[in-house]
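Asks: Sequence first, then the predicted structure:
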Amino acid sequence: MQTVTVSPKFQIVIPKLIRDALHLRPGQKLKIMEFDGRIELIPDRTISELHGFLKGINTDFIREGDRP
């Protein structure tokens, strides 16, 4: 866990380690929300960036039998 400082203009710098891990780019939009007393930043991804993120997921669907 890394610590950041809030500037007088309420700005923060996201540490490079986190920027690199999340593949953040300058100008990229982030969703921000308060949850359970903490701040969460969620990268806003385009459809093309999401392509393949579910690769390998089990898509088998077991249906219930017909009911009498």
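Replies: Received it, and whenever you're ready, just let me know what you need.
Asks: who touches Thr46 in this structure?
Replies: Residues near Thr46 by Cβ atoms under 8 Å, 6 or more residues apart in numbering: none. For glycine as for every other residue, the C-beta is placed from the backbone atoms N, C-alpha and C.
Asks: How much space separates it from Gly27?
Replies: 13 Å (Cβ to Cβ, to the nearest Å).
Asks: what does Asp66 give?
Replies: For Asp66, the distance to Gly27 (Cβ to Cβ) stands at 54 Å.
Asks: what does Lys55 give?
Replies: 28 Å.
Asks: For the protein, give me the ranges with low pLDDT.
Replies: Counting by pLDDT under 70, the low-confidence segments of the chain come to 48-51, 53, 68.
Asks: Look at Ile18 and give its secondary structure.
Replies: Under DSSP: H, G, I helix; E, B strand; the rest coil, Ile18 falls in the helix class.
Asks: in this protein, which spans are helices?
Replies: 16-21, 47-50 (DSSP state H).
Asks: Can you lay out these as CSV showing distance to Asp60?
Replies: CSV is the format used below for these (distance: least, Cβ to Cβ, whole Å):
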stretch, distance to Asp60
helix 16-21, 31
helix 47-50, 22
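Asks: Would you tell me which one of the ones you listed is buried the most?
Replies: Most buried of those, by mean neighbour count (mean count of other Cβ atoms under 10 Å): helix 16-21, with a mean of 10.
Asks: Pull the contacting residues for Leu17.
Replies: Leu17 neighbours (Cβ under 8 Å, 6+ apart): Gln2.
Asks: And for the one 5 residues further on?
Replies: Contact analysis of Leu22 by Cβ under 8 Å, 6+ apart lists Pro43.
Asks: now Asp20: how far from Gln11?
Replies: Asp20 is 20 Å from Gln11, by Cβ to Cβ.
Asks: go on, Thr5?
Replies: Using Cβ to Cβ, Thr5 is found at 10 Å from Gln11.
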